[in-house]
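Novice: can't give you the sequence, but here's the structure:
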């Protein structure tokens, strides 16, 4: 079945440094790849997404890259701040087919002041 | 717009009891889904629906039933609760072609 692998499971960085989280998906029909941020005790919320016809997308300090051939996509956070500390989830789905979202297991990011 | 509304927020059950987690959305989304979140396991898909009258199994469907009689509602039923079903449950919906999945606030279920 479909699977999304996410690494690392935990990541600690100094404030101001960059953080990179990587995901790999198995279903070649996947065409939409969102990233969600979940703060403690809260619901996951979308922070950035990318579609399969785009290789990179950036929104201020956050960027996502997609390599369809390798079935890899990554989240890049630059100039990290303490408020970036949270759990981040990647996901993959086929918006033109099953619409079935499969999530990675999450990365706990700690930004050290 | 209330978005995605889940009830109850907290529930304690005894093994073997049944209950229903309610989920409603007011965004006219065609896609609705239920996830469970356990430490270190991420968000695992239980069941999902792409429209009224259509449901399908996700990654971990055993022990759970769903139905979708209207576009707005997607209840999750536990017929005979087990301690392994202790978890935080999230309902989520998407639609309009944007792809964004909107989550409810979550329901924390404890089975003793």
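Specialist: Cool, got the structure. Because the structure is predicted, anything quoted here is derived from the model rather than measured. Numbering: from 1, shown residues only, chains lettered A, B, ... in the order given.
Novice: can you tell me which residues contact residue A:27?
Specialist: A:2, A:3, A:92, A:94, A:102 (C-beta atoms under 8 Å, 6 or more residues apart in numbering or on different chains). Just so you know, the C-beta spots here come from the backbone N, C-alpha and C atoms, and that holds for glycine as well.
Novice: What subset of the residues you listed is buried?
Specialist: Among these, the ones that count as buried by 16 or more other C-beta atoms under 10 Å in any protein chain shown are A:2, A:92, A:94, A:102.
Novice: Go ahead and confirm the second one touches residue A:102.
Specialist: Yes: with contacts defined as C-beta atoms under 8 Å, residue A:92 counts as touching residue A:102 at a distance of 5.7 Å.
Novice: Residues that sit against both of these two, list them.
Specialist: Residues touching both residue A:92 and residue A:102 (C-beta under 8 Å, 6+ apart) are A:2, A:4, A:25, A:27.
Novice: Could you dump these into JSON lines and include pLDDT and secondary structure?
Specialist: Output for those, formatted as JSON lines (pLDDT from 0 to 100; DSSP: H, G, I helix; E, B strand; the rest coil):
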{"residue": "A:2", "pLDDT": "81", "secondary structure": "coil"}
{"residue": "A:4", "pLDDT": "95", "secondary structure": "strand"}
{"residue": "A:25", "pLDDT": "97", "secondary structure": "strand"}
{"residue": "A:27", "pLDDT": "92", "secondary structure": "coil"}
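Novice: tell me which element residue 92 is part of?
Specialist: This is for chain A. strand A:86-92 (DSSP states H and E).
Novice: not quite, I wanted chain B
Specialist: Per DSSP H and E, residue B:92 falls inside strand B:87-94.
Novice: what about residue 29, how many neighbours?
Specialist: In the absence of a named chain, chain A is used. Residue A:29 has 13 neighbours, counted by other C-beta atoms under 10 Å in any protein chain shown.
Novice: The intended chain is chain B.
Specialist: Residues lying near residue B:29 (other C-beta under 10 Å) number 21.
Novice: cool, residue B:45 as well?
Specialist: 22.
Novice: ok, for residue A:95, nearest residue in space, not its chain neighbours?
Specialist: Spatial nearest neighbour of residue A:95, excluding adjacent residues (C-beta to C-beta, 6 or more residues apart in numbering or on different chains): residue A:32 at 4.7 Å.
Novice: Show me what that neighbour bridges to in the sheet.
Specialist: Beta bridges link residue A:32 to residue A:51, residue A:93, judged by DSSP bridges.
Novice: Which strand residues bridge the closest residue to residue A:67 other than its chain neighbours?
Specialist: Distances taken as C-beta to C-beta, 6+ apart place residue A:73 nearest to residue A:67, at 7.1 Å, with adjacent residues excluded. With DSSP bridges as the criterion, the beta-bridge partners of residue A:73 are residue A:23, residue A:66.
Novice: residues contacting residue A:73?
Specialist: By C-beta under 8 Å, 6+ apart, the residues touching residue A:73 are A:22, A:23, A:25, A:33, A:50, A:64, A:65, A:66, A:67, A:90, A:92.
Novice: at 7 Å instead, please
Specialist: By C-beta atoms under 7 Å, 6 or more residues apart in numbering or on different chains, the contact list for residue A:73 reads A:23, A:33, A:50, A:64, A:65, A:66, A:90.
Novice: how much space between it and chain B?
Specialist: Using C-beta to the nearest C-beta, to the nearest Å, residue A:73 is found at 14 Å from chain B.
Novice: now the helices for chain B?
Specialist: With DSSP state H as the definition, chain B shows no helices.
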